[in-house]
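Enquirer: Below is the structure, and that's it, no one-letter string:
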DNA sequence: AAGACCTATGCAAGCGGCTGCTCAAATGGA
DNA sequence: TCCATTTGAGCAGCCGCTTGCATAGGTCTT
């Protein structure tokens, strides 16, 4: 708490600069001196002061993590903790610390980001979501501040490094699965249209239909908030169509759980009456009933990769923007079953 | 990114110290000068460098947040994000930043905490869980480093400021509820015995039984990991007793969901065959089927209060340790129903 | 043996902002 | 009008560490 580099220097009989170089493991210091200094540090319980170090070296060894709290991006979604875990593991390995930035509204978050950037609190920033026309992305871009986004940037995609799944393909895959096992009327329930991930998954769904030669109907595509039970009305509407779907592609596990709940209330059983597939494969997906057939997007890897990219990027600023795609994998469980051949009414 | 206090000073035709005092809104600077300086800051896009400021003022305006990743404390539990939200809202208001510290193991976390403390990265630390014989708490205590824990410290409770629910009372309340609606055989499923919260809830359960004049049986108290499906075997064991319980007090919502799933697999229906109550009232509790009767512990308030306490504490170090109890409230939903009067066999 | 070169350290100037102290100007009182 | 006060602002040292440059020995060359 108190012993400084000077104290150590004095005790070891060397100059402060030497101690500093010992800390940095500078090859220009002889092994003998290093040992001597290290012993002194040990004995005195010396620990370098990061603040001073940061000031002198004009770096922070800290990454900013921006995660949304607003209702529809929903921090209660286990997606965030999980990606955080991935980020943290890399940050820890590379000796970076993480500073959190959140807010209930876009403005609050932007404010937070600006603070981080202007006051040089972090070397780079990680965006854990991607929405269209994101003022934060614009700001960061314009400031030329290093950042990487988890997800696909809606704009300037080629200029910003991002780590994502191929959500279009993933969605196409899982929709096709539903089609393959006999469903002909498959609807899509997505979250906020502002989120790129929703858009991508919707597009994948549409492509799958198209490939199967099924025309897609607007009434089969509904959007509702990630978590809000507002989903209820959307589901009811969907099921009261003259030709209700027999299969549902839901853009998120948690949403799927909410949807299933609503369905059951209405006396519709999953998967007997209706098959459901979703995305993310959070822990709950295997514990809820029925266990969810879902796309495992390897959340943890998304986080790890994003952190690694960002660190690489802040260490060598000249790196070009890159795009990393984390593979996905469908987990087949019990929320989707094959549809008996339709009876010709 | 570049303009410093000196540049502003020059532009405004004053000394750097004057600019500094303007920033601090020091009353010794005349309004006229303040205006002048502020205009200059504005025009030049000046933003103080926190690092330099921190170094000079020997504060960081940052709070460390320690949250566990290990399996049984489970970050996937929405409890953490939610308390984080509470913390964040206060931190934001008070202009503090949050730095995250996590780890998969206790050692990793201790390491992280030590780093924070030794290198003075934060002014104070928030512990989001409490376990018995916690090396982190001991360390912090011994270093006299300001910290507050969310939960009840197992040891030295009177010396460390903490924010908690009255979990014993809460557990007693909800267990009594089960008893009141006619259940006579009520079992308890808790998480890790290392966690104080588990211990408290167990104790509340026991007290309720005792007060109702029911003797508690060891086979009715089981512990399993917070999330792991390992819970399965525990549940099966419980249900294969010669006198299986008709009511279950589960120490956590997520666990309850897992338990219900296991039960249903075994053909036992909740709440018809078995009533379940749990704790926390996370978002899922109202969305899952059946919706959970659970104790709302006001997670968000826990976080807010904890952050407020910590900030108060770092600002005036001489404050005595205090204990804040957040009230709880039972949410009656559909996972617990009254037990028909037992038939006299 | 003397200059050329290393090697291992030390010196000192920052990094950007804070703050105790000093000092000049302005104000007020008599 | 003159001196005591108050007010406003500047000076300079410091926070703890990093780093370019200088330097003192020592080792090689030739």
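Expert: That came through, no problem. Note that the coordinates shown come from a computational prediction; the quantities given were computed from them, not determined experimentally.
Enquirer: Nearest residue to residue A:20 in space, please, no chain neighbours.
Expert: Nearest residue to residue A:20 in three dimensions, chain neighbours excluded: residue A:5, at 6.1 Å (Cβ to Cβ, 6 or more residues apart in numbering or on different chains). For the C-beta atoms, the positions are set from N, CA and C on the backbone; glycine is no exception.
Enquirer: Ignore what I typed, I meant residue A:111.
Expert: residue A:103 (7.0 Å).
Enquirer: Assign a three-state SS to that neighbour, would you?
Expert: Three-state call for residue A:103 (DSSP: H, G, I helix; E, B strand; the rest coil): coil.
Enquirer: That one - how many residues pack around it?
Expert: 20 (other Cβ atoms under 10 Å in any protein chain shown).
Enquirer: okay, and for chain A, where does confidence drop off?
Expert: When residues are selected by pLDDT under 70, those of chain A lie in A:1, A:70-76, A:226-231, A:340-345.
Enquirer: Phi, psi for the residue nearest to residue A:111 please.
Expert: Phi and psi for residue A:103, reported as degrees, to the nearest 10, are phi 170, psi 160.
Enquirer: got the buried residues for stretch A:129-136?
Expert: Applying a neighbour-count criterion of 16 or more other Cβ atoms under 10 Å in any protein chain shown, one finds A:129, A:130, A:131, A:134, A:136 buried in stretch A:129-136.
Enquirer: Just confirm residue A:12 contacts residue A:42, I think it does.
Expert: No - here residue A:12 does not reach residue A:42: they are 10.7 Å apart, not a contact under Cβ atoms under 8 Å.
Enquirer: how about residue A:136, what does it touch?
Expert: With contacts defined as Cβ atoms under 8 Å, 6 or more residues apart in numbering or on different chains, the neighbours of residue A:136 are A:66, A:106, A:109, A:110, A:113, A:127.
Enquirer: Report the buried residues of the helix or strand harbouring the fifth one.
Expert: In the assignment (DSSP states H and E), residue A:113 maps to helix A:106-118. By neighbour count, and taking 16+ other Cβ under 10 Å as the criterion, the buried residues in helix A:106-118 are A:108, A:109, A:110, A:112, A:113, A:114, A:115, A:116, A:117, A:118.
Enquirer: With neighbour numbers in mind, choose between residue A:12 and residue A:42.
Expert: residue A:12 (21 against 10).
Enquirer: which residues does the nearest residue to residue A:336 once chain neighbours are set aside contact?
Expert: Computed as Cβ to Cβ, 6+ apart, the closest residue to residue A:336 that is not its neighbour in sequence is residue A:275, at 3.8 Å. Counting by Cβ under 8 Å, 6+ apart, residue A:275 touches A:178, A:181, A:183, A:246, A:247, A:248, A:293, A:335, A:336, A:337, A:339.
Enquirer: Switch those over to a markdown table; also include distance to DNA strand D.
Expert: What follows is the contacts of residue A:275, written out as a markdown table (distance: Cβ to the nearest atom of the strand, whole Å):
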| residue | distance to DNA strand D |
| --- | --- |
| A:178 | 57 |
| A:181 | 60 |
| A:183 | 61 |
| A:246 | 64 |
| A:247 | 59 |
| A:248 | 56 |
| A:293 | 52 |
| A:335 | 54 |
| A:336 | 56 |
| A:337 | 61 |
| A:339 | 65 |
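Enquirer: phi, psi of the residue nearest to residue A:336?
Expert: Dihedral angles (degrees, to the nearest 10) for residue A:275: phi -100, psi 140.
Enquirer: ok, of the buried residues of helix A:106-118, which one's closest to residue A:207?
Expert: residue A:109 (32.4 Å; Cβ to Cβ).
Enquirer: quick one: the closest one from DNA strand C, how far?
Expert: Using Cβ to the nearest atom of the strand, to the nearest Å, residue A:109 is found at 24 Å from DNA strand C.
Enquirer: what do you get for residue A:66?
Expert: Counting by Cβ to the nearest atom of the strand - residue A:66 and DNA strand C are separated by 24 Å.
Enquirer: isn't that residue right up against residue A:101?
Expert: Yes - with contact defined as Cβ under 8 Å, residue A:66 reaches residue A:101; the gap is 4.8 Å.
Enquirer: So between those two, which is more surrounded?
Expert: residue A:101 (27 against 23).
Enquirer: What are the phi and psi values at the residue in the stretch 201-345 of chain A that DNA strand C sits nearest to?
Expert: Going by Cβ to the nearest atom of the strand, DNA strand C is nearest to residue A:317 of the stretch 201-345 of chain A, at 16.7 Å. Residue A:317 adopts backbone torsions of phi -60, psi -20, taken as degrees, to the nearest 10.
Enquirer: Repeat that for residue A:15.
Expert: phi -90, psi 150.
Enquirer: And the strands in the stretch 1-150 of chain A?
Expert: Here the stretch 1-150 of chain A has its strands, by DSSP state E, counting those that start in this stretch, at A:62-66, A:97-101, A:124-127, A:147-150.
Enquirer: any chance of these in a markdown table, plus distance to DNA strand D?
Expert: Formatted as a markdown table, the strands of the stretch 1-150 of chain A follow (distance: least, Cβ to the nearest atom of the strand, whole Å):
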| stretch | distance to DNA strand D |
| --- | --- |
| strand A:62-66 | 15 |
| strand A:97-101 | 15 |
| strand A:124-127 | 18 |
| strand A:147-150 | 23 |
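Enquirer: Next, format the ones you listed as a markdown table and append distance to residue A:213.
Expert: Below are these laid out as a markdown table (distance: least, Cβ to Cβ, whole Å):
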| stretch | distance to residue A:213 |
| --- | --- |
| strand A:62-66 | 42 |
| strand A:97-101 | 47 |
| strand A:124-127 | 38 |
| strand A:147-150 | 35 |
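Enquirer: Tell me what angle the helix holding residue A:113 forms with strand B:97-101.
Expert: 80 degrees (axes from the mean of the first three to the mean of the last three Cα atoms, to 10 degrees).
Enquirer: which residues touch helix A:106-118?
Expert: Contacts for helix A:106-118 (Cβ under 8 Å, 6+ apart): A:64, A:66, A:68, A:70, A:99, A:101-103, A:121-122, A:125, A:135-136, A:139-140, A:143, A:145, B:1, B:47, B:92, B:97.
Enquirer: What subset of those residues is buried?
Expert: Buried, going by 16+ other Cβ under 10 Å: A:64, A:66, A:68, A:70, A:99, A:101-103, A:121-122, A:125, A:136, A:140, A:145, B:92, B:97, out of those.
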